[in-house]
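# Here is a sequence together with a model predicted from it:
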Amino acid sequence: MDSCHKECAGCQKKHREDEQLKKLMNRLNRIEGQVRGIKGMLEKDAYCIDIITQVSAIQSALGGFNKELLKEHIATCVVEDVKLGKEEKVDELIHTLQKLI
């Protein structure tokens, strides 16, 4: 079965290999820790610029997460569907990239 498949109308799911899932979850856990750190900074009346610097780091980390996920999506879901003649996957990718840019 394809790693990217539909289970029901309108519901799409993607099976991820254990290594890929672990890598993405580790990234999210670090980002979650950074967000909790900012909450702590606010509670301790941290200086605005210090908080802004941390928010910028989180945005960068989320960008890295998106890049990793997008790379995997293109290499698996998009390639598999295009091979099966499902050209609409390219339109979906273009729409997603337009949102990111």
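Alright, I've got the coordinates. Numbers count the residues shown, from 1 in each chain.
# where along this structure do the helices fall?
Counting by DSSP state H, the chain has helices at residues 18-43, 48-73, 79-83, 88-100.
# So for the second one, what gets flagged as buried?
By neighbour count, and taking 16 or more other CB atoms under 10 Å as the criterion, the buried residues in helix 48-73 are Q54, I58, A61, F65, E72, H73. C-betas here are computed from N, CA, C, even on glycine.
# Centre-most residue in the chain?
For the chain, the residue nearest the mean C-alpha position is N66 (3.6 Å; CA atoms, centre = their mean).
# Contact partners for it?
Contact partners of N66, counting by CB atoms under 8 Å, 6 or more residues apart in numbering, are L100.
# what's the answer for V35, then?
Under the criterion of CB under 8 Å, 6+ apart, the contact list for V35 reads I58.
# Q98 versus the nearest residue to K89 once chain neighbours are set aside, what's the distance?
Nearest-residue entry for K89: D81, 3.8 Å, with adjacent residues in sequence omitted and distances by CB to CB, 6 or more residues apart in numbering. According to CB to CB, to the nearest Å, D81 and Q98 sit 19 Å apart.
# And C48, by the same measure?
Counting by CB to CB, the gap from C48 to Q98 is 33 Å.
# Who has more neighbours out of D81 and Q98?
Remark: of D81 and Q98, D81 carries more neighbours, 19 against 8, as counted by other CB atoms under 10 Å.
# All good on my end, thank you.
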